[in-house]
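# Okay, predicted coordinates and the sequence, questions at the end:
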Protein chains: 2
Amino acid sequence: MSDFREDGALALEWVASYLERAGELPVLSQVEPGAIRAALPGAAPDDPEPFSAVVDDLDSILLPGITHWQSPRFFAYFATTGSEPGVLAELLVAGLNQVGILWRTSPALQELEEVTVDWLRQLVGLPAEFRGHIEDTASTGVLAAAIVARSLTPDRRVLVCSEHAHSVGEKAARLLGLELRKVPTDDVYRMRPDLMREHDACLVLATIGTTGMASLDPVPEIAERCAAAGTWLHVDAAYAGSAAILPELHGLFAGWERADSIGVNPHKWLGVPMDCSVLWTRRQEEFRAAFSLVPEFLRSPDDALNLSEVSIPLGRRFRALKLWAVLRCYGRRGLQERLREHLRLAELFESWVRAQPGWEVTAPRHFSLVCFRREGSDADNERLLGSVNDTGEVFLSHTRFADRYQLRMAIGNFRTTEEDVRLAWDLLRREAAAL
Amino acid sequence: MSDFREDGALALEWVASYLERAGELPVLSQVEPGAIRAALPGAAPDDPEPFSAVVDDLDSILLPGITHWQSPRFFAYFATTGSEPGVLAELLVAGLNQVGILWRTSPALQELEEVTVDWLRQLVGLPAEFRGHIEDTASTGVLAAAIVARSLTPDRRVLVCSEHAHSVGEKAARLLGLELRKVPTDDVYRMRPDLMREHDACLVLATIGTTGMASLDPVPEIAERCAAAGTWLHVDAAYAGSAAILPELHGLFAGWERADSIGVNPHKWLGVPMDCSVLWTRRQEEFRAAFSLVPEFLRSPDDALNLSEVSIPLGRRFRALKLWAVLRCYGRRGLQERLREHLRLAELFESWVRAQPGWEVTAPRHFSLVCFRREGSDADNERLLGSVNDTGEVFLSHTRFADRYQLRMAIGNFRTTEEDVRLAWDLLRREAAAL
């Protein structure tokens, strides 16, 4: 195993050094399409190469094609942080190489997954009747919820979500052959419950923290209507749900405890590396009824629930280990501190935009996302964003609402400081002046 | 970052030492259901704990609940090896923490994924018209193929597979609301093409290397019929497909190049840690038409295919990096050597069973799986398997065919030696004599 230790030291040093310099690299990759492919051999080698050759090529070939999600100046989409304990936990996960299929194929995987998602349930303040498991992404979680919902009300062929819901709703509907009903929103981008027509829907997808502008659907009223209509309610809080660990924000999550299922992604805002999306449900038995097959070759003597019985894949990685490491190494207070700092930075950025003539904040700020634009046309704003991102110093992305091209400043990386946020603002103004 | 380096050294040493002693630990976890859960705190800590505490608890709490898929004497289901370069690549993957959504969110992820699955395509001898991507598991791959197939022939509501197909077929049918047609097999467990009634099916699932006994459906005739009926053919070669890297076995894969889509799991027999399941298709444009949404907030200036447009999750991990590391660090010859050794060991084990009075090989051996049983009742064989697995020295699983309980010896871990196989055989005979 001496080679493993040597190669491992090389890999570890590479990651340590990468995390130190991630902030100095161009945030958005600047390569041309096809450039990485062209630099790689056309076929696998016939004979073994040393691991060090892989690490060398990671630097020389792949690195220019990396968009640095680990950079403190990654402000696009929603940030994700591979925190240090999370990264190292992935090494342990790979070393153990567990395959969770039945309970007995890895009792530790199954029980730690149940325990850690329950820890997180307590942190976000959901009642104990919610049982959880880990999916790869929120897309899969919404699809799974829709599958369960449709199995319960097979005659209802409609999936309802707001016009500002994440595309996961549309994708789930498309994949399952359901009709998608996009409900209009009010003046602050909240779904209009009075326009849902939920009685013929198998599933209503409500969002706390939409992708575009982090708006919040009125979940209490939606839940009330869904309960009356016998319609499954899934709350997508993939990004914002992590903020429920802050008691001062609990009001924003009112009513979600009445949902049938809820998705929150610790791989977005809680420092867990990709991928780790938690799905809780008050109706795990219905999940099991929809997904379980348990054929002969998989039958085991015990009667415990096997996590493969509540999700699409048969085998699962030991994702719980990284969630466990992160929850422990930060602790509740450590995570709360980081999220509060992100909220403070977003508020600060918002105040700068508001104070600057020629710029405007274009949607109510929720959580750590600020939507804004500069005076001028959509094309002007698009050009501005392009030139800002081309500097490589920051990476912001855009969205579209109110019939306008909108800029988004999404704060959420654990390594982001006030200085990084200020640099982004300075750069935006500088490039705007230069255009 | 000194803590990261220190903690990393701890994690690395833990994995190195674990891989050295994995063979000495009880292969099948011997804990009682609930024991791991009971040993864990009921809630996340309020304050940060050191990473070393996580590693300590990994040893003291979790390890007894681990079923050692990394053990050289893991002979259950189908083996999976987290090879050394694969394990270390996962550390790099987590450090980079890429999220592949659009090409520009990680050009290196997208292009390396395209390149490495193409390397593997060449190694298994599929034509260049096959384009591939990586799914988490074969279950998801079959579901994805069924979604595409159904989008093309929405009036056909039947999924066809053999009675010995993996449960993924049944699961995909159930999740999509399709009827499942299980086709009888012949005397060596091959699907009977003449009984498929493929004209009203949207998808036929043929298997090369079934889960039960590694039987091979007659793919050339199935492909002919599917082509004539306009029915999508998916070939599930999750386990056995890796063996197509051996030229001497190419004949077993005859006709699979006529499939519309094919699944092969490098996380089973090619040394890549969970999870890495490759899906190739000759019809990537139909995948894109079925899955792509590309909403405004995700639009990017380039026109390249984004891998999120051909699969269920929106964001993907940088799985290609581990496939790349493994293909390079073993090379074609290194992987071929390991697979040939597994085939030799399976043949050897088969010869021992055949030569031993009171034991029989119960299905034609294909690849590295031997199905066998001892004279006596199903209950006798079940008891035998239980007592063998209870020793902790090996782990075998069972299946059911020919109306009998069957034992399975599945060889596929890179660390397995002839000595390990002999130990299993000695133990089987010893426990049988003791019963």
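Good, I have the coordinates. Numbers count the residues shown, from 1 in each chain, chains lettered A, B, ... in the order given.

# isn't residue A:144 right up against residue A:281?
No: using CB atoms under 8 Å, residue A:144 is not in contact with residue A:281, being 9.3 Å away. C-beta: built from backbone N, CA, C; applies to glycine.

# Now do the shared contacts for the two.
Between them, residue A:144 and residue A:281 have residue A:287 as joint contacts when contacts are counted by CB atoms under 8 Å, 6 or more residues apart in numbering or on different chains.

# close to chain B, is stretch A:208-228?
Yes: shown here: stretch A:208-228 in contact with chain B (CB under 8 Å from any CB of the partner chain) through A:211-212.

# Now find how far off-centre that stretch is within its chain.
Averaging C-alpha positions (CA atoms, centre = their mean, to the nearest Å) puts stretch A:208-228 18 Å from its chain's average.

# Enumerate the positions of it that are buried.
A:208-219, A:221-223, A:225-226 (16 or more other CB atoms under 10 Å in any protein chain shown).

# Spell out, range by range, the helices that occur in the stretch 151-300 of chain A.
Taking DSSP state H, counting those that start in this stretch, the helices of the stretch 151-300 of chain A run over residues A:168-176, A:219-229, A:266-269, A:284-291.

# what's the closest of these to residue B:351?
helix A:284-291 (41.3 Å; CB to CB).

# which parts of the very next helix or strand once past the closest one are buried?
Downstream of helix A:284-291, the next assigned helix or strand under DSSP states H and E is helix A:320-355. By neighbour count with 16+ other CB under 10 Å, helix A:320-355 contains the buried residues A:320-332, A:334-336, A:338-339, A:341-343, A:345-346, A:349-350, A:352-353.

# Go back to those and keep what's next to chain B.
Checking those against chain B (CB under 8 Å from any CB), the matches are A:321, A:324-325, A:327-332, A:334.

# need the contact list for the residue lying closest to residue A:143 once chain neighbours are set aside.
Of all residues not flanking residue A:143 in the chain, residue A:172 sits nearest, at 4.5 Å (CB to CB, 6 or more residues apart in numbering or on different chains). Going by CB under 8 Å, 6+ apart, residue A:172 touches A:139, A:142-143, A:146, A:159, A:178, A:205.

# what's near enough to touch residue A:336?
A:245-246.

# Show the model's pLDDT score for it.
Residue A:336 is assigned a pLDDT of 98 by the prediction.

# Can you report how many residues lie near the residue nearest to residue A:208 when sequence neighbours are not counted?
Computed as CB to CB, 6+ apart, the closest residue to residue A:208 that is not its neighbour in sequence is residue A:237, at 4.3 Å. A count of nearby residues for residue A:237, using other CB atoms under 10 Å in any protein chain shown, gives 26.

# Residue A:237 and residue A:206 touch, don't they?
No: counting by CB under 8 Å, residue A:206 is not a contact partner of residue A:237; they are 9.2 Å apart.

# so what's the spatially closest residue to residue A:28 that is not a sequence neighbour bridging to?
Leaving aside its sequence neighbours, residue A:28 sits nearest to residue A:395 (CB to CB, 6+ apart; 4.2 Å). For residue A:395, the residues forming beta bridges with it (DSSP bridges) are residue A:74.

# what about residue A:395, neighbour count?
25.

# Which residues are in contact with it?
Contacts of residue A:395 (CB under 8 Å, 6+ apart): A:27-28, A:67-68, A:71, A:73-76, A:389.

# export the residues you listed to a markdown table and tack on pLDDT?
Formatted as a markdown table, these follow (pLDDT from 0 to 100):
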| residue | pLDDT |
| --- | --- |
| A:27 | 98 |
| A:28 | 97 |
| A:67 | 98 |
| A:68 | 98 |
| A:71 | 98 |
| A:73 | 98 |
| A:74 | 98 |
| A:75 | 98 |
| A:76 | 98 |
| A:389 | 97 |
